[in-house]
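**Student:** sequence and predicted structure, then a few things I'm wondering about:
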Amino acid sequence: GAVVSQHPSWVICKSGTSVKIECRSLDFQATTMFWYRQFPKQSLMLMATSNEGSKATYEQGVEKDKFLINHASLTLSTLTVTSAHPEDSSFYICSATERATEFFGPGTRLTVL
Amino acid sequence: GENVEQHPSTLSVQEGDSAVIKCTYSDSASNYFPWYKQELGKRPQLIIDIRSNVGEKKDQRIAVTLNKTAKHFSLHITETQPEDSAVYFCAASNGGGGGSNYKLTFGKGTLLTVNP
């Protein structure tokens, strides 16, 4: 199957700082990527759909000014958590579709102190 | 929007037994139903999927059935092994797995434990 990578795999930051997470499709081009958030022992919640060359589409309740998404190329989407707070601590996972199947990145564990 | 319900939330079976996880969905337009296996701290891995033009699909020990009329689909794992222990998520989409309306809605997950 297609390979999706994420960087970093984990990050610890102080409250008030911004954190950027990268999502890459390694062996295919992805015009659309997805960003999810997963709290411990919970399901994946879609945050936004990242579209190459256009603005991201955010799910209801997700602050677009706090979670900045940039999809600058067909293989890279970035999620920036701005002014992070402890409640933003979570597992962030990206995904992309290839041949009508969604493949997930390995996730980024964000801990905000 | 779509709402996916998944049951049970936890399931414990003996090695060699079968395990069944059931999901229902609300949007009759949904036409793509994947199942993912997620081990602790790792990414969800697609294990099987089914599209609305078929009623059943099987891949070795894993099978999925779909009842469009009742809007429910189920995952069946036979001859379970300890390495099957993980969290399993069902999901539904009305975008056929990649169309312009594609968006996955996940169930809450089932923690499957296979006891040796």
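**Tutor:** Good, I have the coordinates. Residues are numbered from 1 along each chain as shown, chains lettered A, B, ... in the order given.
**Student:** around chain B, pick out the residues from chain A.
**Tutor:** Proximity of chain A to chain B (Cβ under 8 Å from any Cβ of the partner chain) is limited to residues A:1, A:32, A:34, A:42-46, A:49, A:91, A:93, A:97, A:99-107, A:109. In this view, the C-beta of every residue, glycine as well, is placed from N, C-alpha and C.
**Student:** mind giving me the ChimeraX command for buried ones among those?
**Tutor:** A single ChimeraX command selects the buried members of the residues of chain A next to chain B (16 or more other Cβ atoms under 10 Å in any protein chain shown):
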select /A:32,34,43,44,45,46,49,91,93,97,102,103,104,105,107
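**Student:** for residue 8, which non-adjacent residue is spatially closest?
**Tutor:** Using chain A. Nearest residue to residue A:8, sequence neighbours excluded (Cβ to Cβ, 6 or more residues apart in numbering or on different chains): residue A:108, at 6.1 Å.
**Student:** can you look at chain B instead?
**Tutor:** Per Cβ to Cβ, 6+ apart, closest to residue B:8 is residue B:110, 6.1 Å.
**Student:** and the one you found, how many neighbours?
**Tutor:** Residues within reach of residue B:110, counting by other Cβ atoms under 10 Å in any protein chain shown, total 22.
**Student:** so who does it touch?
**Tutor:** B:6, B:7, B:8, B:9, B:10, B:11, B:21, B:87, B:88, B:89 (Cβ atoms under 8 Å, 6 or more residues apart in numbering or on different chains).
**Student:** how close does it sit to chain A?
**Tutor:** Applying Cβ to the nearest Cβ, to the nearest Å, the value for residue B:110 to chain A is 10 Å.
**Student:** can you check residue B:106 too?
**Tutor:** Per Cβ to the nearest Cβ, residue B:106 is found 5 Å from chain A.
**Student:** doesn't residue B:63 lie inside a strand?
**Tutor:** Yes: according to DSSP: H, G, I helix; E, B strand; the rest coil, residue B:63 belongs to a strand.
**Student:** quick check: it touching residue B:57?
**Tutor:** Yes: counting by Cβ atoms under 8 Å, residue B:57 is a contact partner of residue B:63 at 6.7 Å.
**Student:** quick check: neighbours shared by those two?
**Tutor:** With Cβ under 8 Å, 6+ apart as the test, residue B:63 and residue B:57 both reach residue B:48.
**Student:** sweet, I'm off.
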